[in-house]
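Colleague: Provided below are the primary sequence and the corresponding predicted coordinates.
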Amino acid sequence: MSLISLKTPLSTIKGIGPKFLDKLEKINIKTAGDLLWHFPVRYDDWSHLTDIKDLRPGEYAVIRARVGKIGFRKSWVQKLAIVEAILEDESGSVRTIWFGQPFIKRVLSEGKQAFFSGKVLAGKKGIFLSNPAYETVSDEENINGLFPKRELLAIYPETKGLTSKGIRFLINKVLPDLEKVPDFIPEEILRKNDFPEINRALRDVHIPKSSAEANAAKERFAFEELFLLQLGNLLEKKRLAKTKAPSIEFNLDFVKWALDKLPYGLTFSQKRSLYEVLKDIERHQPMNRLLQGDVGSGKTVIALIAAMETAESGYQAVFMAPTEILANQHYQTFKKLFSDFGHPIGLMTAKSKLAFYGDNLESEMKKKDLFQEVENGRIKILIGTHALIAKSSGENRIRFNNLGLIVVDEQHRFGVRQRAELVKNQARKSPGLTPHFLSMSATPIPRTLAITIFGDLDLSTIDELPQGRKPIITKVVDPLNRDKAYAFIRGEIRKGRQAFVVCPRIESEEDTDYEYSEPVKKDARKSGWSETKTVKKEYERLSKKVFPDLKVAMIHGKMKAEEKQKTMEDFKTRRSDILVSTSVIEVGVDIPNATIMMIEGAERFGLAQLYQFRGRVGRGEHQSFCFLFTESLNETTHQRLKALLEAKNGFELAEKDLEIRGPGALLGAEQTGLPDTTMRALRNPAMIKLGRQSAEQIIAKDPTLRSYPALKDRLEKFKENIHLE
Ligand code: ADP
Ligand code: MG
C-alpha cells in the first residue's frame, strides 16, 4: 500500500465514500493535508461522564442520556428553528436546546441513547444544555464496548451531516499511512520554543493521549499560523518598500484652501491623521495605510483632501465605497464642499455615470465616455463602488492614465490582490509606479490585533468625535416593553425626527455555528433572500399595525439601484419617517435628522456591527436614541449588549468583543478564511509576539526564504487560503 502525502486527494483514499467527500468539499477539505489541518475545537473526556443531577451552569459537560420528549418550534419574531428535548439518565433529567438546527429532530427521536457534550447554561426555566454535540450509540456499539474507546475525543467544528465522529473516522484512515511530513518551521525555532515536530504534532492534535500532548500540539499550530501571517505581512511590507510611488507634493497653500472650504474646523485627531497621510504620500515609496475611526469621526474629508492633493500634483485618485449609496454620498459631499475645485471629477455607479467639471457644471455621460475621460487623464478623481475594479475586465476594464492614490472606504479586507489589479491598469505615463493606498474603516480593531493581521499597513487613528455630538441614549428593550418603546418613538417622530429600523438576516440551518449558538453568515448572497423577506415582513408589520399613521419605507438588497437611491433621497428629504432596512446600509450613511435607531434581533449582530448601526444616528443637533430589541437573552448576549451600553468608543468596544466572542466576531472569520486556531491564538498576545519575533528572525537571516524551501511553499499556500485587509 502506498503512503499518503499531504497532497493526496481524499477521493483516492480507500474507504472514503462520495457522500463524505461531498460534505468535506463544502468546507474546502479536499486533500489529506486539508483534513489534517482541520483542527478540533476542543476535546471531550468521554470517559468522565457527568450525572445529570451534577450539571452546573457555565461548565462543559458530557452526559450519557436517553432522549425523552423532543419537540420543534420557531421563535416568534426571528423565526429561528429551535429543537428542544428532555434528556434523562438515572440521576435526573435536563433540558437541551439546539438553535437553527431543525434536522436534529430527525436524527434524535424519543428513546434514542446518545452522548451529549456541551455547555451548561442557566435560563429562565432552569439550566439547559446549549447546542450540545451528540453522538448516538447503536446497540452494537454498546455491546462491543466500542464507545467510548479513548479518554480524549477530539470535537471538531461541525457542519450539517459532518459529525466529529465522522471526522475522527477519516483521520484514522489518513494518519496511520501518512508519509513523513517535512517540517516547514525552521528547526531553530522549534527547538528554541520547545514545539513538537510536525508529525508528532499532527498525531497529538487529533488523537491525543493526554491533554498535555494535545495542548502542546495546539500551541504549535497556533504559533504556526501567527508566524506565517506575520511572516507574510513583513515580506509584503519589504517588497512594497522597494517599489516606487509618485511623490505627491505637500502643498500647504492648497491644504489651507481646502480646509477653508469646510464649515467646521478639523478635530485634533483629524489633523494628525491628515498630516500622516499627506506626509506619507509625499514620499517615493507607496503609502499603505489604514485610517481607523469611529462612525461619524470624519474620515471622508481626510481622504478627499488627499485625493485633491493628488490631482493637484497631476496624478489621478480613485475613491471606492462599498455601496452605491455611499459612493453617491461622497460625490455629493465633494460637490458641496469643493465646488470650485479646478479639476474634473467623476462618479461612476451602475446606472448613473456623471462627471463634474467644477463651477457646478455637471454632465451626465455614457459609461464608455466616462472611461475615456479617465483613460485620457482628464478626470482626476473618480468615485465609485468596489465593483469599479472587482468586475472590470476586458472591454469593461477601467484604465487610469496615471493613478497616484487609491482610497478604499469601509473595507479593510480590500487586499493586495486588488491593488495589484489596479496597478496593472495604470502605469502608462508613469511606468512602474505603484499608487499610494489608503484604506478607511469604522470597524475599530484593537491595536495588537491590527498590527498582527494588518502588519503590512501603517495605522492612523481618529479617536475623537467632532465637538458638540451628544452621546446616544441606548436601551435594551425586551418583548414586554416593546409597546412603550414604540409610543416613545412615535412621540419623537411627531416632533419631526426620523427613525431607522434594522432587521437581522435569518440564517438557514447550515449556517449555524454550534459553538456559540450564534449564526454565522457564510455567504451573503445565499441568505440575501431571507434577509429581504424579514425586511418586507417588518415593513408590513410597522406600516400596517404599529405605525399606520406614519410614513414607513423600506430598502433592501433585492431592490434596483435607482429604487434604493430614490428611497434614500426620500428619507433624506423627510418624505418618509421610518426606514426599514437590511444591513446593506450598514455603514457611513449620513442623515442628521434621523435620531432613532431601532435594531431588531439585536442579539444576532456582532458588537462592532451594532456599533456601526448606532453610529448612523447622533449626527445632528437633536438627542438621539438607540433601541436594541431582543428576545433571546442568554448570558453572552446580556454581556455583549451591556458592553455596548457602557463603551465609550469603538476601540473599547472592540476590545470587549475580542474578549467575549473572539477575533472571529470582529474580523468576520468566515470571510478571512483564518482557521479557528489562529482566531484563538489572536487572543494570546505572548503568542502574537513570539510569532512576530520569529518571523523577524527568519527574515533577518534570509529575506528570500531560499534556504527554507518548505516554509516558502507553505507560506504560498497559506496566503492563498486567507484574504485579509
Ligand atoms: P466617517 O468617519 O464615519 O466616514 P464622515 O466622514 O461621514 O464620518 O463624517 C460624518 C459627519 O461629520 C459628516 O456630516 C461630516 O460633514 C461631519 N464632520 C466631519 N468632520 C467634522 C468636524 N471636525 N466637525 C464637525 N463635523 C464634522
Ligand atoms: Mg465613512
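Modeller: Great, that's in hand. Ligands and ions are numbered 1, 2, ... in the order given.
Colleague: how far does stretch 437-451 sit from the chain's center?
Modeller: 12 Å (Cα atoms, centre = their mean, to the nearest Å).
Colleague: does it reach ligand 1?
Modeller: Yes. Part of stretch 437-451 sits near ligand 1 under the criterion Cβ under 6 Å from any ligand atom, namely A442. C-beta coordinates here come from the backbone N, C-alpha and C atoms, glycine included.
Colleague: stretch 571-578 now?
Modeller: No. Interface with ligand 1: stretch 571-578 contributes nothing (Cβ under 6 Å from any ligand atom), its closest point being 12.2 Å away.
Colleague: next, the buried residues of that stretch.
Modeller: Neighbour-count burial for stretch 571-578, with 16 or more other Cβ atoms under 10 Å as criterion, is recorded at F571, K572, S576, D577, I578.
Colleague: what's near enough to touch the last one?
Modeller: With Cβ atoms under 8 Å, 6 or more residues apart in numbering as the criterion, the residues that contact I578 are I493, Q498, A499, F500, V501, L542, F547, L550, K551, V552, A553.
Colleague: which ones are touching the second one?
Modeller: With contacts taken as Cβ under 8 Å, 6+ apart, Q498 has the following neighbours: F571, R574, S576, D577, I578, L579, I591, N593, A594, T595, I596.
Colleague: I'd like the buried residues of stretch 571-578 as JSON lines, with pLDDT appended.
Modeller: Converted to JSON lines, these look like this (pLDDT from 0 to 100):
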{"residue": "F571", "pLDDT": "91"}
{"residue": "K572", "pLDDT": "88"}
{"residue": "S576", "pLDDT": "95"}
{"residue": "D577", "pLDDT": "96"}
{"residue": "I578", "pLDDT": "96"}
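Colleague: which among those gets closest to ligand 1?
Modeller: For the buried residues of stretch 571-578, the closest approach to ligand 1 (Cβ to the nearest ligand atom) belongs to K572, at 12.2 Å.
Colleague: thought that closest one was touching P592?
Modeller: No. Shown here, K572 and P592 do not form a contact pair, counting by Cβ atoms under 8 Å, at 9.6 Å.
Colleague: what sits up against stretch 177-195?
Modeller: So stretch 177-195 is contacted by 1, 3-6, 32, 36, 197-199, 201-202, 216, 219-220, 223-224, 227, 690, 694, 697-698, 708, 710-711, 713-714 (Cβ under 8 Å, 6+ apart).
Colleague: quote the end-to-end distance of that stretch.
Modeller: 23 Å (Cα to Cα, to the nearest Å).
Colleague: buried stuff in that stretch?
Modeller: L178, V181, D183, F184, I185, P186, I189, L190, F195.
Colleague: who's in contact with the closest residue to the fourth one other than its chain neighbours?
Modeller: In space, F184 comes closest to A710 once its chain neighbours are excluded; the distance is 3.8 Å by Cβ to Cβ, 6 or more residues apart in numbering. Listed by Cβ under 8 Å, 6+ apart, the contact set of A710 reads P182, D183, F184.
Colleague: distance check, the second one against R220.
Modeller: The reference is to D183. As judged by Cβ to Cβ, to the nearest Å, D183 and R220 stand 10 Å apart.
Colleague: ok so, going back, which ones among the contacts of A710 map onto helices?
Modeller: Using DSSP state H, no member of those falls within helices.
Colleague: re the thing from before, and the furthest pair within the contacts of Q498?
Modeller: S576 and T595 (14.7 Å; Cβ to Cβ).
Colleague: which stretches of the stretch 201-350 of the chain form strands?
Modeller: Applying DSSP state E, counting those that start in this stretch to the stretch 201-350 of the chain gives strands spanning 288-293, 316-321, 345-348.
Colleague: will you turn those strands into CSV that also has mean pLDDT?
Modeller: Listed next are those as CSV, based on pLDDT from 0 to 100:
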stretch, mean pLDDT
strand 288-293, 88
strand 316-321, 92
strand 345-348, 92
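Colleague: out of these, which comes closest to ligand 1?
Modeller: Using Cβ to the nearest ligand atom, these put strand 288-293 closest to ligand 1, at 5.1 Å.
Colleague: please name every helix or strand in contact with the closest one.
Modeller: Helices and strands touching strand 288-293, by 3 or more Cβ pairs under 8 Å, 6 or more residues apart in numbering; DSSP states H and E, are helix 268-282, strand 436-441, strand 458-462.
Colleague: correct me, but L162 touches K23?
Modeller: Yes. The criterion here is Cβ under 8 Å, and L162 meets it with K23 at 4.6 Å.
Colleague: the stretch 501-650 of the chain: strands as residue ranges?
Modeller: 512-513, 518-519, 552-555, 578-581, 594-599, 625-629.
Colleague: closest one to V301 among those strands?
Modeller: Among the strands of the stretch 501-650 of the chain, if distance is taken as Cβ to Cβ, the winner is strand 594-599, at 20.8 Å.
Colleague: buried members of the contacts of stretch 177-195 into PyMOL, please.
Modeller: Buried residues among the contacts of stretch 177-195 (16+ other Cβ under 10 Å), as a PyMOL selection:
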select buried, resi 4+6+32+36+198+201+202+216+219+220+223+224+227+690+694+698+708+711+714
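Colleague: max-length helix in this protein?
Modeller: In terms of residue count, the longest helix belonging to the chain (DSSP H) is helix 211-242.
Colleague: contacts for stretch 536-556 next, please.
Modeller: With Cβ under 8 Å, 6+ apart, stretch 536-556 has contacts from 486, 490, 493, 501, 503, 531-532, 535, 564, 567-568, 570-571, 575-582, 584-585, 600.
Colleague: please pick the buried ones from those.
Modeller: 486, 490, 493, 501, 503, 531-532, 535, 564, 567-568, 571, 576-582, 584-585, 600.
Colleague: surely I462 meets G296?
Modeller: No. Assessed by Cβ under 8 Å, I462 is found out of contact with G296, at 10.0 Å.
Colleague: compare those two (neighbour count), which wins?
Modeller: More crowded of I462 and G296, by other Cβ atoms under 10 Å: I462, with 25 against 18.
Colleague: beta partners of the more buried one?
Modeller: I462 has the following beta-bridge partners by DSSP bridges: G293.
Colleague: could you report the pLDDT at it?
Modeller: Confidence at I462, expressed as pLDDT, is 90.
Colleague: report the contact partners of it.
Modeller: Contacts of I462 (Cβ under 8 Å, 6+ apart): T267, S269, Q270, S273, L291, Q292, G293, D294, S297, G298, K299, I302.
Colleague: can we see that at 10 Å?
Modeller: Contacts for I462 (Cβ atoms under 10 Å, 6 or more residues apart in numbering) come out as 266-274, 291-294, 297-299, 302, 440, 442.
Colleague: and the nearest residue to I86 once chain neighbours are set aside, which of the three is it?
Modeller: The spatially closest residue to I86, leaving aside those adjacent along the chain, is G68, at 3.8 Å (Cβ to Cβ, 6+ apart). Following DSSP: H, G, I helix; E, B strand; the rest coil, G68 is assigned to strand.
Colleague: these two touch, right, G68 and A114?
Modeller: No. Contact criterion Cβ atoms under 10 Å: G68 and A114 do not qualify, at 12.0 Å.
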